[in-house]
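Asker: fold the following for me, if possible:
(3 chains)
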Amino acid sequence: MRQPAKVAAAIGISALAAASFGAAWIRPAGYAAQFREAPTLAPCARFPLGTDELGRDLLARTLYGMRLSFVLAGSAALVSSAIAGLAGVATGVFGTTFEQVLEIGSNLLMSLPWLFLLLLVRALMPLEMPAEASVVVTFLLLALLGWAPAARVTGAAARSLRHSGFTLRARAEGAGSWRLIRHQLWPNLRPLIVSQFLILLPGFILSEATLSFLGLGVGEPLPSWGGLLRDLEDYSAVAEQPWRVAPLVLMFLTVACLQSLASENARRKV
Amino acid sequence: MKHMWRRAVPYLLSAALHLSAAGRWGGELRFAIDSDPKTFNPLLVTEQSSGIVRYLTGGMLIRWNHATQAMDPELAQSWRVSPDGREIRFELRPEARFSDGSPVTAQDAAFTFRTLLDPKTPSPDADAFRAGGQQVNVEALGDRVLLLKFPQPIAGVERLFGSIAIVSQRALDTAPDPARMPTAGPFHVAQYQPGAEIVLARNPYYWKTAEGRRLPYLDGVRLKIRQDRSLEVNSLLNGELDLIDSVDPKAFARLAKAGGVRAIDAGPSLDSEQLWFNQNPAAPLADYRKAWFHSQAFRQAVSLAIHRDDMARLVYDSHAQPAAGIVPDSNHAWTNPALKPPPFDLAAAQKLLASAGYRQEGGELKDPNHHPVEFSIITNSGSATRERLAVMLQQDLARIGVRVRLITLDFPSLIERLTRTFDYEACLLGMVNDDLDPNSQMNVWLSSGPNHPWYPVEKAPATPWEAEIDRLMLQQSHETKTALRKKAFDRVQEIVAQQAPVIFLVGKHSLCAYGPRVGNASPSPFFPQTFWNIDQLYIRADHP
Amino acid sequence: MKFWQAIIGPAVTLLLGGLLTVWLVRQAPGYGTDPSELDGRWSAESIARLRAERQAHQNAWQLYAAYLKGMAHGDLGASLAWNRPVAPLLGERGLVTLRSSGLAVLLGWAGAVLVALACRFRAAPFVDATSRGAAAALLCLPSPALALVLCLAFRASVPQLVAGAVTGLAIFARVLLPSSTVLSAVEAEPHVLQARARGVPAARLVIWHVFRCAAPALLSLLAASVPVAFGIAVPVETVCNLPGAGQLAWLAAQKRDLPVLTALTFALMAITLVSTGIARAWSWSGPELAERRAA
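Answerer: Residues are numbered from 1 along each chain as shown, chains lettered A, B, ... in the order given. A predicted model of the protein is given here:
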């Protein structure tokens, strides 16, 4: 029962990745071309997902947007999860002192209005900086600022592990820090870190949509899932053009496939 | 004779409206404002929400009639401007009263203007009065006559009085608690729930009458504070709100299709979208880029490469039109009929660029020194229509080999770049106007003006044509003869069209909507569109 | 150590957090600007005066010192954007958010934990798959879009309920998967296996052994949900036009309203610290107790 689900998830993710990276072949006209004679078209043979208000191919924008969001949000989520994982492991090894420092740091990260840092960094970037570069910087900052909630969870789990029976026995048997990390901490924290990654990934994609209200999102004409999802707030347009929920459906499929793959792995390791 | 009839028609229409205005007494009108008012003191109004409350509650000496585009007597039953334009005299109505029953006297009016003109009062309305010099003499002659004397004549001075609400000393003392503040307009503030709503109740002593009773017809107005407009259309359709001003073009299409509401395109408004290049020599830009922006040929070529018709069609659903210049057609008194919107002409654009030494190389435009022509356009984030305009600009300019980067910024960041650091190359922004008179744009067109878009606060005009604009604007601001003013301002419009320091893109139409409850609505292209005649609006009997 | 944890640590966090907030806002582009500067009616002298007023205190240290001094006297400053004292403004709006989102956070967290518990220990694969699918969908759906849909469905007449529902669902989505992971890890703990082997009934096993051992991680999920819920409240309250602390934060950020942002940050930090403290207090007692009971 579990194996077909995992195979289906793997095929699904591969297909989505292939479509996004093959966007240039699937839709050669690109995401920016404006077919001004054909605005807000319904899906048809020429435009399978129709066009937007400026006559841009929505399928092209969805595929290119998927690529951008996959790579950038995925990388940011990976970095954040890795930092959270390191924080958890360090809590398990170094104990209470590190835990106090981590707690102060994560409280600050979770409570402060860090979007002003994003605005400041954006203001410092030169005008000539390409849009792609500026959005990479934004996602990097999101990654460096977004690990705190995940780190709290892994830290708490690591604290439990530190006091658990098998860890205490390992220490009593003379296990050093590295051995503890390899055999006690990491195997038990990894499923948690993976689950945090699966939460951070869509979170970062949607954060980009919110940040675009402050000019910090992906700049036009570059498409992104966040930008396409922001269009859903124009509910009357969605009601008239229901195919505009396609990016939402694709994002859901991506997250669901990743969840399926991850949960299979979690059951095997514990 | 024909001319006379044309001028008479608006008056006849207005009279017809008044005759047909027999409305129903009672009921409450509901609409939304987008933020809490910063102040209820009518002399300190700087933003729209406070301005709306002032419009609904304030008693002005005279007020501009949207239908006739002329000033109407209000608290003042008559007024006279001296032939030299330096003096204006008002005679107040004996029946004018504040909402607490106290009479509106010339002393109150004099107090209002003295407070307004006090240098300690931060008010943009006050700055307009000081355009003729700092020493404005305000005098109350008895209880009913107010006299203002200006050191220099201010052309069109009457219109300035349309936004000054007469207050009493008592009013200002109670301003922190708006519910206690007496007002002389059709309503006063009855209740204020911060973040939620403001409830206005009728002024029982309002001076205007109909059918032997004191107006307004309405018992009250409920202003719902809604920062986000996403649900406003739905609220109108399901009857929670009665009217919406400044409807988004996409939402307008939905309202026009829906039954039960009237969606009105009232024609060209005073608002337009513009692009300008940074010509400030202090800007932290490379010299070769500054050279592009200083070149008239470059600016004109960019203007010719822009497809304005497509912008009007795609971004505004044809509820906009290509803009010819500073003044839209709806401003009958001041528009220059000789000016037409620049055509979309790529060949002409390329010819102009070639004449200035620019060359196309492999689809890329290069300047005389072989620098690829590419620049960034900044605009404010959060506006879908403006972002679409910017994207269209990007594609249009790509056709002449110009690569454009779009940078959206939140408003404070944008203001900082435009007014302090000048760290930008080109800017796409809208001009919002609610005053037809050219004097309201002095600070925009004078080279020393703080809102001179391409190079604010110039110590001396940087170019001969800017010096000429300065001369003409100052000339018309003190000229008492309308024909001479018009001639001077027509020439200003021509210079701006030729030099293109600001490239006008589209003039937006005024879109609004109101529900079936509202009677006597007569939407206007100018702010406030649907409730400019608030004392005449009523709730229909069949929709209580 | 406990004195450090209980007093010094939170105090340092608050002070440092306040200073960082003031510095960030002060340094952010557009600080000291006012949209009315673009009003063509203002003269150059008036605009210069407007700018001078808004930049009266140039230095972040000076601003912070003045703020702390005022706070010591109960004065949280005056909002530049609302033209009102910050304390009552924050009080009004904070109460609205607490009413709409406070209970929602608890319900969302509790719902996710209960569903995770039920799926792990009652072997309900359909419920497991459905709840994971729902969580994945909720994670992908922008909160403002969901709020709009609910506002339309309920005619925006109960914005507090809509905001609460969206917050609760978002927290549920964010808590379900990690809590499921935590519980499956605890399931394999020796004392749990021991208790199971001794025939401890399922309900007692889940409550007294599994939940107690998993509680530190689960409670830290709850503590971490508080700032996340506030982050969700920001766009949701804006879209629903609910005058809560979230909407206040969004508008204050756009207007660079330093007194409001500083006060909001202090409030949020205090709530986060309290919730973290509760989670930590449990973690000192929970797991050891669970192990002793199993033995």
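Asker: when you work out contacts or count neighbours from here on, use the C-alpha atoms and nothing else.
Answerer: Noted.
Asker: quick one, what contacts the nearest residue to residue C:83 once chain neighbours are set aside?
Answerer: In this structure, residue C:83 finds its nearest non-sequential neighbour in residue B:38, 5.9 Å apart by CA to CA, 6 or more residues apart in numbering or on different chains. Contacts for residue B:38 (CA atoms under 8 Å, 6 or more residues apart in numbering or on different chains) come out as B:45, B:47, B:49, B:50, C:81, C:82, C:83.
Asker: try 7 Å this time
Answerer: B:50, C:82, C:83 (CA atoms under 7 Å, 6 or more residues apart in numbering or on different chains).
Asker: in helices, which of those residues fall?
Answerer: residue B:50 (DSSP state H).
Asker: as CSV, the contacts of residue B:38 with neighbour count and pLDDT would be great.
Answerer: Converted to CSV, the contacts of residue B:38 look like this (neighbours: other CA atoms under 10 Å in any protein chain shown; pLDDT from 0 to 100):
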residue, neighbour count, pLDDT
B:50, 20, 94
C:82, 21, 86
C:83, 12, 84
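Asker: residues touching residue B:305, list them.
Answerer: Contacts of residue B:305 (CA under 7 Å, 6+ apart): B:344, B:345, B:346, B:349, B:396, B:397.
Asker: let's see the pLDDT reported for the fourth one.
Answerer: I take that to be residue B:349. pLDDT recorded at residue B:349 is 97.
Asker: tell me how far it lies from chain C.
Answerer: 31 Å (CA to the nearest CA, to the nearest Å).
Asker: kindly report the same for the first one.
Answerer: Here the distance between residue B:344 and chain C works out to 30 Å (CA to the nearest CA).
Asker: from residue C:249, how far off is the residue in the stretch 51-200 of chain B that chain A sits nearest to?
Answerer: Nearest to chain A, among the residues of the stretch 51-200 of chain B, is residue B:195, at 21.5 Å (CA to the nearest CA). For residue B:195, the distance to residue C:249 (CA to CA, to the nearest Å) stands at 13 Å.
Asker: about what we covered before: going by distance to residue C:277, which of the contacts of residue B:38 wins?
Answerer: residue C:82 (34.1 Å; CA to CA).
Asker: roughly how far apart are that closest one and chain B?
Answerer: From residue C:82 to chain B the distance is 5 Å (CA to the nearest CA).
Asker: got a list of what that residue touches?
Answerer: residue B:38.
Asker: can you tell me the closest non-neighbouring residue to the closest residue to chain C within the stretch 1-150 of chain B?
Answerer: Nearest residue of the stretch 1-150 of chain B to chain C: residue B:124, at 4.8 Å (CA to the nearest CA). By the measure of CA to CA, 6+ apart, the closest residue to residue B:124 outside its immediate chain neighbours is residue C:42, 4.8 Å from it.
Asker: and that neighbour, how many residues sit next to it?
Answerer: Number of residues near residue C:42 (other CA atoms under 10 Å in any protein chain shown) recorded here: 27.
Asker: all helices of chain C, in order?
Answerer: Under DSSP H, chain C gives helices at C:2-3, C:9-27, C:44-54, C:60-72, C:86-97, C:103-121, C:125-140, C:143-153, C:159-187, C:190-197, C:202-204, C:212-240, C:245-255, C:258-294.
Asker: ugh, typo on my part, it should be the stretch 101-250 of chain B
Answerer: Secondary structure of the stretch 101-250 of chain B (DSSP state H, counting those that start in this stretch): helices at B:106-117, B:124-129, B:169-173, B:232-237, B:249-257.
Asker: so which of the ones you listed is nearest residue C:141?
Answerer: Of the helices of the stretch 101-250 of chain B, nearest to residue C:141 by CA to CA is helix B:232-237, at 21.6 Å.
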